[in-house]
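1. Give me the fold of what follows.
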Amino acid sequence: MANMREIAKEAGVGISTVSRYINNTGYVSERSRAKIERVIEKSHYKPNELARAIFTRNSKIIGLLVPNISNPYFNELALIIEEYASEQGFSIFLCNTNDDFEKESNYINVLQGHRVAGIITVRSQCKNEYAAYDIPVVSFESYISEKIITVATDNFTGGSLAFNHLYECGCRNLVHVAGPLFADAISERTRGFIESAREKNITVDLIQFETDFQRKMLEANIKTLEDIEKYDGIFVFNDIAAATVIRYFQQKNVRIPEEVQVIGFDNSYIGEFLFPSLTTIEQSVQEVGRTLVEALLKLIKGEAVDQKKIIIKPNLVKRDSTRVSK
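-> Numbers count the residues shown, from 1 in each chain. This next block holds a predicted model:
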């Protein structure tokens, strides 16, 4: 494949002229432009985007850091972010952090080296690292600093919605399967559920899972629960963990929703494919994805974003794993 030096030689112009043409950084005469275009068309030349970004200090790449793409919600979120970004002429550099500080920190350095236009980070474990770089950043779920925009679902209200629905369904002997302690969003779901139960003078038992997306670890967590079938209502902190709970009940021949009712959180696509299908609290992945991209693109363009914290409203999605009592 030809490079700029070879294009300049064949077109009979200087390499600086080719550079100005390709990067649109200065005047190029119509005669020289026509010569360069003919050579580019003939050689099928494709500019090196990284080199262009370094030269112009303006790439069309967005860094996206997610905890793990195997989580159905993060999987779908990445697809939606890529779709919205692509419509605006941007590409995505996807990074799996595995909720690991060192891994996320290394990725931040890699993205900086590639001169990305901005970064969307999901459930960040790095609070200080982003402040060291002069680059637009938008965060989902994690508050990083006053300078960085946070997009978050109202997780407290989501937890409250989950309790109220189970209560309306006649459940009184409740357990909450909570997620990793380091995740603020998941902790808020727990707080909303428990405080709403307290208002009804109902005590909620609590079970703590150490992870939220690795199937084998989820199954290991659930197998330590000897008497979980004694409950009539269960709120699980996300849909993939709720799927693990439902599978566990089915293995023990516990009927859902006749004997126990289950509600998840996220409204990821996995919920519709379960049997019975999963009642869940929706944090709209379409709205979250669109909001993250729109906020970041405003920052990239140098425009102001009025809200430093953008809150997404959760919604109850009723399916077959719960039923309203008559």
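2. Show me the strands in the stretch 1-150 of the chain, by range?
-> In the stretch 1-150 of the chain, the strands defined using DSSP state E, counting those that start in this stretch lie at 61-66, 91-96, 118-122, 137-140, 149-153.
3. Switch those over to CSV; also include mean neighbour count.
-> C-beta coordinates here come from the backbone N, C-alpha and C atoms, glycine included. Formatted as CSV, these follow (neighbours: other Cβ atoms under 10 Å):
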stretch, mean neighbour count
strand 61-66, 24
strand 91-96, 17
strand 118-122, 25
strand 137-140, 25
strand 149-153, 21
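4. Which parts of the stretch 101-250 of the chain are helices?
-> 101-113, 155-168, 184-199, 215-222, 239-251 (DSSP state H, counting those that start in this stretch).
5. Can you point out the buried residues in the second one?
-> Applying a neighbour-count criterion of 16 or more other Cβ atoms under 10 Å, one finds 155-167 buried in helix 155-168.
6. With pLDDT and distance to Thr190 added, can I get the residues you listed in a markdown table?
-> A markdown table is the format used below for the buried residues of helix 155-168 (pLDDT from 0 to 100; distance: Cβ to Cβ, whole Å):
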| residue | pLDDT | distance to Thr190 |
| --- | --- | --- |
| Asn155 | 97 | 9 |
| Phe156 | 98 | 9 |
| Thr157 | 98 | 13 |
| Gly158 | 98 | 11 |
| Gly159 | 98 | 6 |
| Ser160 | 98 | 11 |
| Leu161 | 98 | 13 |
| Ala162 | 98 | 10 |
| Phe163 | 98 | 11 |
| Asn164 | 98 | 15 |
| His165 | 98 | 16 |
| Leu166 | 98 | 14 |
| Tyr167 | 97 | 16 |
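7. out of everything not next to it in sequence, what's closest to Ser284?
-> In space, and not counting its chain neighbours, Ser284 is closest to Ile312: 6.4 Å by Cβ to Cβ, 6 or more residues apart in numbering.
8. Touching, the one you found and Gln286? I think so.
-> No. Using Cβ atoms under 8 Å, Ile312 makes no contact with Gln286, being 10.3 Å away.
9. More neighbours: which of these two?
-> Using other Cβ atoms under 10 Å as the criterion, Ile312 and Gln286 rank with Ile312 on top: 19 against 12.
10. Can you pull the phi and psi angles for the residue nearest to Ser284?
-> For Ile312, the backbone dihedrals (degrees, to the nearest 10) come out as phi -100, psi 130.
11. Could you check how far it is from Gln283?
-> 6 Å (Cβ to Cβ, to the nearest Å).
12. Need the overlap of contacts for those two.
-> Shared contacts of Ile312 and Gln283 (Cβ atoms under 8 Å, 6 or more residues apart in numbering): Thr153.
13. picking up where we left off before, tell me which of the helices of the stretch 101-250 of the chain sits nearest to Val138.
-> Proximity to Val138 (Cβ to Cβ) singles out helix 101-113 among the helices of the stretch 101-250 of the chain, at 13.6 Å.
14. returning to what we had before: can you give me the pLDDT of the residue nearest to Ser284?
-> As summarised for this prediction, Ile312 has a pLDDT of 97.
15. Repeat that for Gln208.
-> pLDDT, Gln208: 84.
16. Quick one: low-confidence residue ranges for this structure.
-> Along the chain, segments meeting pLDDT under 70 span 1-2, 23-25, 45-58, 211-226, 325-326.
17. Break it into its domains for me.
-> Domain segmentation of the chain under automatic domain parsing yields 4-45, 58-153+285-313, 155-283.
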